[in-house]
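>>> What follows is a protein structure lacking sequence information:
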C-alpha cells in the first residue's frame, strides 16, 4: 500500500536525522512513486486540504494541506499586484533534490476584480494565492512533499498516519451525494430574453460578442461530499483541469476544459477554446457533429474572435508566437469545442502573472470589445460570478506556472452548491440552441452532485 510505504520512508528519514534543516527554508521529501495524493481528496476537510490542482491525463496532481502563508488581493487589484509578495514567500532556498519538488502557491482570482464580492462569494475576495504547509506533488511518475519553512517532517508523518487510519477503516472512501434537489433552477425565460437582446445588439454593430452566464442552486439532506464530487469529475473528465480551493468553509470545485496560460522554462502555451457542440450517440454521429462544428459559420467566427484576441494580448509579451492556422475539435465526455493552440517564448522579464493579466478575461468568457462586454454582462446577469470564469491554478518562484479558466464550476458550502456555466452569444445566436448548450455545460457538476439532469428535481433543463 503506497500510504504505508510512504510512512515507512518518512519514518526512516526521521530516524536518520534528516528532519533538521536551516531555519526559514523549504524542504522536499521524496515519497514512493506509487503514492497517490488524490487519496487526500477523498475526504478533503478531514485531511486539511485547502487547495488542489490536477491534470489527470498529464499525470499531474498538486494537493495542499494546511496554510503557511498567503497573498491576498484587495478589491480592484489585478494578478500582477501579487508579484512582490509571491517573491517574498517563494524566495527562500529549497533543501532537497528534484526540481519537481519545488515550492508553489495555489489559488485564483475573481472574474471581475473591480467589483466587491457578493453572496455566495464573500469569503473569496478579489484573489488569493496560498502557500500550503505541506504540498503533495505527483508529476512525471514521481511523488513527494514540499514542507514550508517552519513545518517539521513529523507534521507530514502525522498527515500520512491519519490517511492510513482512514483507509484502514474505509473512512477515506468518499460517500456519494444523495437526496440532492433544486433550491433555485435556471431562469430559462430570462435566459432566452437576454440571448435575444444581446444578439440584436450585436447585429446592430454595438459590439462583436458577449458571454452570458447563468447559475443554479442545489441542496442536499446533509453536507455535500466534495470528495465524491471531485472523484466523479476526475473519472468523467480526465482531460480537464480538476481543481478545488477552500476559503472559510466554502469550497470552489470544477473541471475546466480551458487552459488560460502555461509558462514552463520560458515557453508559453495558451489555448483558444470556443464554440460548442454536443457529443454523438455513435462514432458516426460524433464524427458528423464534429464536421458540422468545423463547418458552422457562427462557430468559426466565435472561435476566431477568441484566438485573435489571445494573439493580440500575447504579441508584446512573447517572441516567435505561433497559432495553429486551423482549429481542431477537442472532445470531452458530453461536449466538444473548437480549439487552437497558441505557443511562443516569454519575453525577458515576463512571468506567468503577467501573462494571466494580459489574457484574462478572454473573449471566450467575456466578449469583445472587453469593456463593452463587461457592461453587457453586468446588465443581464443577476448574480456575482465571483471566481467563476476567473484564472485558477499555481505558480512557482521562477515565474513559471499554469492557470486554467474556472469553468464548469460549483461553489459548495455545507449542504448547498451554486453551479455556474455560460455561452458566447453572437449575432445569429438562437435562444433555444443557447439554452441547450448551457445545459450541456451545467451537466458535469450536476452529475457530480447526484445525477440531477432530467429528474423531477433537476436543477437544469432536461
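Yep, that arrived. Quick caveat: nothing in here was measured; it's all calculated off a predicted structure. Numbering: from 1, shown residues only.
>>> my hunch is that residue 138 is in a strand, does that hold up?
Yes - when classified by DSSP: H, G, I helix; E, B strand; the rest coil, residue 138 is found to be part of a strand.
>>> Now do the SS call for the residue lying closest to it once chain neighbours are set aside.
Leaving aside its sequence neighbours, residue 138 sits nearest to residue 61 (Cβ to Cβ, 6 or more residues apart in numbering; 4.3 Å). (Glycine included, C-beta is placed from N, CA and C.) With three-state DSSP as the basis, the three-state label of residue 61 is strand.
>>> And for residue 269?
Under three-state DSSP, residue 269 comes out as strand.
>>> Rank the helices and strands of this protein by mean pLDDT and give me the bottom one.
strand 94-95 (a mean of 66; mean pLDDT, DSSP states H and E).
>>> Buried residues in stretch 269-281, which are they?
Neighbour-count burial for stretch 269-281, counted by 16 or more other Cβ atoms under 10 Å, picks out 270, 271, 272, 273, 274, 275, 276, 277, 278.
>>> So which of those residues belong to helices?
Among those, no member is found in helices (DSSP state H).
>>> and the gap between the residue nearest to residue 138 and residue 52?
If you measure residue 61 against residue 52 using Cβ to Cβ, to the nearest Å, the figure is 7 Å.
>>> Mind checking which of those two has more residues around it?
More neighbours surround residue 52 than the other of residue 61 and residue 52, with 26 against 22 (other Cβ atoms under 10 Å).
>>> Quickly find the element holding the more buried one.
Here residue 52 sits within strand 49-55, counting by DSSP states H and E.
>>> Give me the helices and strands touching that strand, please.
In terms of contacts (3 or more Cβ pairs under 8 Å, 6 or more residues apart in numbering; DSSP states H and E), strand 49-55 is packed against strand 60-73, strand 104-109, strand 127-139, strand 241-247, strand 391-396.
>>> who does that strand pair up with?
Applying DSSP bridges to the sheet, strand 49-55 is found paired with strand 60-73 (antiparallel), strand 241-247 (antiparallel).
>>> Show residues contacting that strand.
With contact meaning Cβ atoms under 8 Å, 6 or more residues apart in numbering, strand 49-55 is reached by 38, 40-41, 44, 60-67, 106-107, 130, 132, 230, 234, 241-246, 392-394, 402.
>>> Can you report how many residues neighbour residue 284?
9.
>>> Checking it next. Helix, strand or coil?
Under three-state DSSP, residue 284 comes out as helix.
>>> Need the pLDDT of it.
With respect to pLDDT, residue 284 has a value of 96.
>>> oh, and call the first residue 20 from now on, that's how I've got it
Happy to do that; since the first residue is 20 now, the last one works out to residue 303.
>>> any idea how far residue 311 is from it?
13 Å.
>>> How about residue 439?
Residue 439 is 27 Å from residue 311, where distance means Cβ to Cβ.
>>> next one: residue 182
Distance, residue 182 to residue 311, by Cβ to Cβ: 48 Å.
>>> If you count surrounding residues, which of these two has more?
residue 182 (22 against 11).
>>> is it fair to say the more buried one lies in a helix?
Yes - under three-state DSSP, residue 182 sits within a helix.
>>> For the closest residue to residue 337 other than its chain neighbours, give me phi and psi.
With sequence-adjacent residues excluded and distances taken as Cβ to Cβ, 6+ apart, residue 337 is closest to residue 363, at 3.7 Å. Main-chain torsions, residue 363, degrees, to the nearest 10: phi -160, psi -170.
>>> Quick one: residues contacting residue 174.
Residue 174 touches 85, 152, 153, 166, counting by Cβ under 8 Å, 6+ apart.
>>> measure it to residue 46 for me?
From residue 174 to residue 46 the distance is 11 Å (Cβ to Cβ).
>>> Need the overlap of contacts for those two.
Contacts common to residue 174 and residue 46, judged by Cβ under 8 Å, 6+ apart, are residue 166.
>>> where exactly do the helices run in the stretch 220-369 of the chain?
For the stretch 220-369 of the chain, helices defined by DSSP state H, counting those that start in this stretch occupy the ranges 245-255, 302-314, 316-333.
>>> Now tell me what touches the shortest one from outside.
In this case it means helix 245-255. Counting by Cβ under 8 Å, 6+ apart, 57, 60-64, 71, 73, 75, 193-196, 259, 261, 263, 270, 272-274, 352, 429, 431, 463-464, 466-468 sit against helix 245-255.
>>> Contacts only, for the most centrally placed residue in the chain.
In the chain, the centroid-proximal residue (Cα atoms, centre = their mean) is residue 425; its distance is 4.2 Å. Applying Cβ under 8 Å, 6+ apart, we find residue 425 in contact with 127, 262, 271, 273, 275, 406, 407, 408, 409, 410, 411.
>>> 6 Å instead?
Residues in contact with residue 425 (Cβ atoms under 6 Å, 6 or more residues apart in numbering) are 273, 406, 407, 409, 411.
>>> For the nearest residue to it once chain neighbours are set aside, name its beta-bridge partners.
Among residues not flanking residue 425 along the chain, residue 411 sits closest, at 4.4 Å (Cβ to Cβ, 6+ apart). Beta-bridge partners recorded for residue 411 (DSSP bridges): residue 127, residue 423.
>>> my guess is residue 411 meets residue 126, correct?
No - Residue 411 lies out of contact with residue 126 (Cβ atoms under 6 Å); the separation is 7.3 Å.
>>> circling back: and the buried residues of stretch 288-300 as a markdown table, adding pLDDT?
Formatted as a markdown table, the buried residues of stretch 288-300 follow (pLDDT from 0 to 100):
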| residue | pLDDT |
| --- | --- |
| 289 | 98 |
| 290 | 97 |
| 291 | 96 |
| 292 | 95 |
| 293 | 91 |
| 294 | 90 |
| 295 | 91 |
| 296 | 92 |
| 297 | 92 |
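>>> quick one: residue 170 is in a strand?
No - read with three-state DSSP, residue 170 is coil and lies in no strand.
>>> neighbours of the closest residue to it other than its chain neighbours, just the number please.
Nearest non-adjacent residue to residue 170, counting by Cβ to Cβ, 6+ apart: residue 152, 4.9 Å away. Neighbourhood size, residue 152 [other Cβ under 10 Å]: 22.
>>> quick one: low-confidence parts of this structure?
Applying pLDDT under 70 to the chain picks out residues 20, 34-40, 42, 111-118, 187-195, 197, 470-481.
>>> I'd like the distance between the nearest residue to residue 148 once chain neighbours are set aside and residue 70.
Of all residues beyond its chain neighbours, the one nearest residue 148 is residue 126 (3.6 Å), with distances taken as Cβ to Cβ, 6+ apart. As for residue 126, its distance to residue 70 is 7 Å (criterion: Cβ to Cβ).
>>> shared neighbours of these two, which are they?
Joint contacts of residue 126 and residue 70 (Cβ under 6 Å, 6+ apart) are residue 149.
>>> all strands for the stretch 370-481 of the chain, in order.
Along the stretch 370-481 of the chain, the segments classed as strands by DSSP state E, counting those that start in this stretch run 386-387, 410-415, 420-424, 428-432, 435-444.
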